[in-house]
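Asker: could you look at this predicted model? Sequence included:
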Amino acid sequence: MENLYDNQSFWVDRVNMAKKAGDPTKCVYGNLRPVINNRVGVLKKLLKPTDRILDAGCSYGWLSRYLDNAYTGLDQTIALVEYGRELYPGINIVVSTMQDMPFEDDSFDWVISSCVKHGIVEGESLGMMEKGRWSQIESEILRVAPKAIIWPSYSFDYEILER
Ligand SMILES: C[S@@+](CC[C@H](N)C(=O)[O-])C[C@H]1O[C@@H](n2cnc3c(N)ncnc32)[C@H](O)[C@@H]1O
């Protein structure tokens, strides 16, 4: 198994496939439609309209299209962030790792993270990533917001983190 999260060139190929097919929801990660419906359904019940959200590991920022909240996306993969900026001009997404986020304390009300944790915890246990990456990320998440909702993988189970 490879560490695909830290492999920028892998994602360039996925973005090129999505551009060719003209539908990122079917190409970048397989069929995202059930995942989108699940995340949006849960978040619409959980969030207040005034909540500022950070989508950490946002990929090309699809979540921004489904919520009216003040949205910031963050992802370490440049090709995905650039693709999001092409698809959704004006979208607020930054290139950064989640281990060290370029935000002041309490910049957000909620951090949302979908399908990032599992790959990192697995990467750590297989020795493909440094140990402690996810625990550093959790500290960062709860520094920039008091609460977070984490879907570890593309399944529908989620965890709520609170300070
Ligand atoms: C499987 S995708 C999930 C994308 C999106 N959240 C979703 O639910 O469709 C994982 C994303 O996390 C990003 N990622 C992985 N590790 C990261 C890290 N340490 N910091 C920032 N982004 C990371 C990857 O670049 C990729 O876009």
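Answerer: Received, thanks. Model, not experiment: these values are computed from the prediction.
Asker: following the chain onward from the least confident helix or strand in the chain by mean pLDDT, which element is next?
Answerer: Ranked by mean pLDDT, DSSP states H and E, the weakest helix or strand in the chain is helix 24-27, scoring a mean of 88. Using DSSP states H and E, the helix or strand that follows helix 24-27 in sequence is helix 33-46.
Asker: show me what that following helix is packed up against.
Answerer: strand 110-114, strand 147-151 (3 or more CB pairs under 8 Å, 6 or more residues apart in numbering; DSSP states H and E). All C-beta spots, glycine's among them, are computed from the backbone N, C-alpha and C.
Asker: so the first one versus strand 147-151, what angle?
Answerer: Same thing as strand 110-114. If you take axes from the mean of the first three to the mean of the last three CA atoms, to 10 degrees, strand 110-114 sits at 10 degrees to strand 147-151.
Asker: export only the CA atoms of strand 110-114, formatted as CSV.
Answerer: In CSV, the C-alpha atoms belonging to strand 110-114 read as follows (Å, rounded to 0.1, in the frame of the first residue of the first chain):
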residue,chain,number,x,y,z
TRP,A,110,-16.8,24.1,13.6
VAL,A,111,-14.2,22.1,11.9
ILE,A,112,-15.6,19.5,9.5
SER,A,113,-13.4,16.8,8.2
SER,A,114,-14.6,14.0,5.9
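Asker: just use 168 as the starting number from now, easier for me
Answerer: That works, and once the first residue is 168, the last one we named lands at strand 277-281.
Asker: touching the ligand at all, that strand?
Answerer: Yes - Strand 277-281 is in contact with the ligand by CB under 6 Å from any ligand atom, via Ser281.
Asker: identify the bridge partners of the nearest residue to Val261 once chain neighbours are set aside.
Answerer: In space, and not counting its chain neighbours, Val261 is closest to Leu241: 5.2 Å by CB to CB, 6 or more residues apart in numbering. Residues in a beta bridge with Leu241, per DSSP bridges, are Ala223, Val261.
Asker: pull out the buried positions in the least confident helix or strand of the chain.
Answerer: Pro191, Cys194 (16 or more other CB atoms under 10 Å).
Asker: contacts for that helix next, please.
Answerer: Arg181, Met184, Ala185, Ala188, Asn198, Leu199, Arg200, Ile203, Tyr227, Trp229, Tyr250, Leu254 (CB atoms under 8 Å, 6 or more residues apart in numbering).
Asker: near the ligand, which residues of the protein are found?
Answerer: 172, 196, 199, 224-226, 242-244, 247, 264-266, 281-283.
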